[in-house]
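Enquirer: please work out how this folds:
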Amino acid sequence: MKRVAAIDLLRALAIIGMVVSGQMLWNAQLPAWMFHAQLPPPTFVFNPEVPGLTWVDLVFPFFLFSMGAAMPLALRRREEQGATGWQVTLGALHRFVWLAAFAIILGNTRMGLLSELPRWGAALATLGVWALFFVMFVRLPQMERRRNSWLNWGGLAALVGVTLCYKPLFGVNTSLHHSDIIILILASMALFGTVLYWLTRGNWLLRVAVIAGVALLKMASSVEGSWCQWLWQQTPAVWLFRFEFVKYLCMVLSGTLAGDLIYRFRQTSEATTESKPTATPAWNIVVVVLMAALIGVQLWGLFVREVGWTVVASALLCGAAAWSVRSMTSPEKPLVKSLLSLAVVMLFLGLLAEPLEGGIKKDPATIGYFFVTGAMATFVLIAALVLELRFGIRFRFLEASGANPMFAYTASGYLIQPLAVLTGLSVYIERMAALTPWCGFVRGVLFALLVMAITYPFTRKNYFWKS
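Expert: Predicted structure coming up:
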């Protein structure tokens with residue numbers, strides 16, 4: 001089955017958002033909405049009591065939602081090929097092990113940890129690790145699958161060996177407890193999300209019940225002395241999995257609902273991601289504008305804490321969007337209508353839950369956060385689908401990073417930064433970034449553009465990194 005460009009775009013926005021927020025300089029003179037709401041300037045000290053939502057807070061949920069949205073397309077294809085539940089589970093376990101190993105290796109081999117080496121030495125070592133990541137994950141288009149698998153296992157074995165050498169050779173205090181928490185959570189979500197989707201693939205009501213159960217369990221875990229709190233605190237290995245990670249299933253499984261709708265549309269409609277655009281009535285443009293407005297309203301209202309006005313404005317915009325979709329005549333109207341219904345339900349569930357747990361927060365994540373950001377991710381999917389199917393508008397340069405996410409995720413810290421050091425460009429980049437507060441942000445944008453520029457040709461040549 002062909003890739004869904006809208007899902008790749010959503011995932012790309014998450015990846016590029018991570019790069020920009022991770023590479024820009026944290027200057028106290030920049031506005032607070034440029035950072036995580038719980039890490040406000042000028043001190044940037046984590047404050048879990050601060051509610052709010054910023055663009056940076058959308059990065060992780062967008063990635064989780066896109067992971068969920070992609071599951072129906074991948075797993076339905078496997079089902080059509082005759083895969084059994086046992087085979088799907090083994091595949092999910094393989095992906096969990098691969099991503100967990102990736103997370104731990106990332107946490108122990110970052111270039112910044114090599115402080116005892118000269119910068120050029122740290123850059124060369126980091127480039128070597130990236131080359132092994134390439135071997136661990138790459139799917140070579142001309143290589144037989146079994147040989148490719150042996151190549152990948154060889155890359156993983158080499159990376160484990162190299163990571164173990166970081167302490168005796170470079171003085172890095174390596175540990176299983178040092179990991180990239182984003183990838184570690186994604187590993188658990190890939191496992192549990194896959195299994196739960198497979199079990200509920202023919203029963204939306206059961207899947208919605210699972211989402212509701214996870215949400216209720218998450219809220220009940222705050223009750224002192226309850227069995228829910230006890231369960232929430234359990235872990236078979238704290239460095240690998242904590243039961244509280246399951247809260248992110250709210251976003252992943254919500255994403256599978258959107259993915260199901262897209263899958264069914266593609267199965268029953270002649271419209272495909274490669275269809276030529278036909279008539280483009282004004283209502284299609286209005287829908288795209290309204291999706292952008294709904295995202296903007298959430299970011300503005302929940303950050304400045306005008307929650308009441310946010311609810312009112314959201315209700316008006318959702319009503320206008322429903323009317324606009326009703327007036328559409330294009331073939332994708334049923335899909336857009338279904339996705340909009342899903343998004344509206346998630347949005348108002350999130351806004352109803354917003355006052356709970358001290359207001360919407362990314363960390364510690366609140367129930368309102370899960371559903372509001374899930375709705376915003378769906379708004380992105382709607383806009384992207386309409387732009388593609390009606391106007392033929394694609395963002396291929398950006399989508400490539402979403403189609404090859406692990407490659408793009410490592411490109412900034414393990415490829416671009418070391419190369420900048422070795423070529424001397426890092427000196428000029430840092431000088432530019434220090435000119436003004438906003439130049440520090442430009443630094444992040446520059447790295448993001450470089451990530452896209454490097455990822456695009458590899459993706460076009462079908463050099464995908466797969467777990």
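Enquirer: can you give me the end-to-end span of stretch 228-240?
Expert: 21 Å (C-alpha to C-alpha, to the nearest Å).
Enquirer: how far off centre is that stretch?
Expert: 24 Å (C-alpha atoms, centre = their mean, to the nearest Å).
Enquirer: in stretch 50-62, what counts as buried?
Expert: Across stretch 50-62, burial judged by 16 or more other C-beta atoms under 10 Å covers 51-62. C-betas here are computed from N, CA, C, even on glycine.
Enquirer: just the endpoints, please. Distance across it?
Expert: First-to-last distance for stretch 50-62 - C-alpha to C-alpha - comes to 21 Å.
Enquirer: any idea how far it is from the chain center?
Expert: 12 Å.
Enquirer: ditto for stretch 64-80
Expert: The answer for stretch 64-80 is 15 Å, by C-alpha atoms, centre = their mean.
Enquirer: same check on stretch 429-448?
Expert: The answer for stretch 429-448 is 24 Å, by C-alpha atoms, centre = their mean.
Enquirer: ok, residue 464 - contacts?
Expert: 138-139, 403-404, 407 (C-beta atoms under 8 Å, 6 or more residues apart in numbering).
Enquirer: from residue 28, how far out is it?
Expert: Using C-beta to C-beta, to the nearest Å, residue 464 is found at 41 Å from residue 28.
Enquirer: can you check residue 231 too?
Expert: Residue 231 is 41 Å from residue 28, by C-beta to C-beta.
Enquirer: okay, the two: which has more neighbours?
Expert: residue 231 (14 against 11; other C-beta atoms under 10 Å).
Enquirer: okay, and that one sits in which element?
Expert: helix 227-232 (DSSP states H and E).
Enquirer: just checking, what packs against that helix?
Expert: Using 3 or more C-beta pairs under 8 Å, 6 or more residues apart in numbering; DSSP states H and E, the elements in contact with helix 227-232 are helix 204-220.
Enquirer: helix, strand or coil for residue 169?
Expert: The assignment at residue 169 comes out as helix when based on DSSP: H, G, I helix; E, B strand; the rest coil.
Enquirer: what pLDDT does it get?
Expert: For residue 169, the pLDDT comes out at 91.
Enquirer: how much space between it and residue 101?
Expert: Counting by C-beta to C-beta - residue 169 and residue 101 are separated by 20 Å.
Enquirer: more neighbours: which of the two?
Expert: residue 101 (19 against 13).
Enquirer: phi first, then psi, for that one.
Expert: Torsion angles at residue 101 (phi, psi; degrees, to the nearest 10) stand at phi -60, psi -40.
Enquirer: list the contacts of it.
Expert: Here residue 101 is in contact with 156, 159-160 (criterion: C-beta under 8 Å, 6+ apart).
Enquirer: swap the cut-off to 10 Å and go again
Expert: If you count contacts by C-beta atoms under 10 Å, 6 or more residues apart in numbering, residue 101 has them with 136, 156, 159-160, 163, 179, 183, 187, 467.
Enquirer: check residue 153 too.
Expert: 98, 135-136.
Enquirer: what subset of these is buried?
Expert: 98, 135-136.
Enquirer: so which residues of the stretch 251-400 of the chain form helices?
Expert: 282-304, 307-327, 333-353, 367-391, 396-403 (DSSP state H, counting those that start in this stretch).
Enquirer: please identify the most buried of the ones you listed.
Expert: Neighbour counts (mean count of other C-beta atoms under 10 Å) averaged over each of those peak at helix 367-391, with a mean of 25.
Enquirer: elements contacting that one?
Expert: helix 5-23, helix 59-80, helix 204-220, helix 249-268, helix 282-304, helix 307-327, helix 333-353 (3 or more C-beta pairs under 10 Å, 6 or more residues apart in numbering; DSSP states H and E).
Enquirer: from the chain's centre, how far out does stretch 92-100 sit?
Expert: 17 Å.
Enquirer: for that stretch, list every residue counted as buried.
Expert: 92, 95-96, 98-100.
Enquirer: what about the stretch 201-350 of the chain, any weak spots by pLDDT?
Expert: 270-280 (pLDDT under 70).
Enquirer: chain neighbours aside, what residue packs nearest to residue 33?
Expert: residue 54 (4.8 Å; C-beta to C-beta, 6 or more residues apart in numbering).
Enquirer: backbone dihedrals for that neighbour, please?
Expert: phi -130, psi 170.
Enquirer: residues in contact with it?
Expert: 21, 31-40, 299, 302-303, 362.
Enquirer: number of residues surrounding residue 181?
Expert: 12.
Enquirer: how close does the nearest residue to it once chain neighbours are set aside get to residue 49?
Expert: Setting aside the residues directly before and after it, residue 181 is nearest to residue 103 in space (C-beta to C-beta, 6+ apart), at 7.5 Å. As for residue 103, its distance to residue 49 is 29 Å (criterion: C-beta to C-beta).
Enquirer: these two: who's more crowded?
Expert: Per other C-beta under 10 Å, whichever of residue 103 and residue 49 has more neighbours is residue 103, with 22 against 8.
Enquirer: contacting residues for the residue nearest to the spatial centre of the chain?
Expert: When C-alpha atoms, centre = their mean is applied to the chain, the residue found nearest the centroid is residue 63 (1.3 Å). By C-beta under 10 Å, 6+ apart, the contact set of residue 63 is 10-15, 17-18, 182, 185-186, 189, 251-252, 255, 377, 402, 405, 409.
Enquirer: and for residue 263?
Expert: So residue 263 contacts 1, 4, 69, 71-77, 201, 256 (C-beta under 10 Å, 6+ apart).
Enquirer: between which two of these is the distance greatest?
Expert: Within these, 4 and 201 form the most distant pair, 17.3 Å apart (C-beta to C-beta).
Enquirer: and those two? Which one has more around it.
Expert: residue 4 (23 against 19).
Enquirer: isn't the more buried one right up against residue 385?
Expert: Yes. Counting by C-beta atoms under 10 Å, residue 4 does reach residue 385; the two are 8.4 Å apart.
Enquirer: on that earlier part again, can you tell me which of the buried residues of stretch 92-100 end up in strands?
Expert: Judged by DSSP state E, the subset of these located in strands is empty.
Enquirer: in JSON lines: those, plus pLDDT and distance to residue 420.
Expert: What follows is these, written out as JSON lines (pLDDT from 0 to 100; distance: C-beta to C-beta, whole Å):
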{"residue": "92", "pLDDT": "95", "distance to residue 420": "37"}
{"residue": "95", "pLDDT": "95", "distance to residue 420": "32"}
{"residue": "96", "pLDDT": "96", "distance to residue 420": "34"}
{"residue": "98", "pLDDT": "95", "distance to residue 420": "29"}
{"residue": "99", "pLDDT": "96", "distance to residue 420": "27"}
{"residue": "100", "pLDDT": "96", "distance to residue 420": "30"}
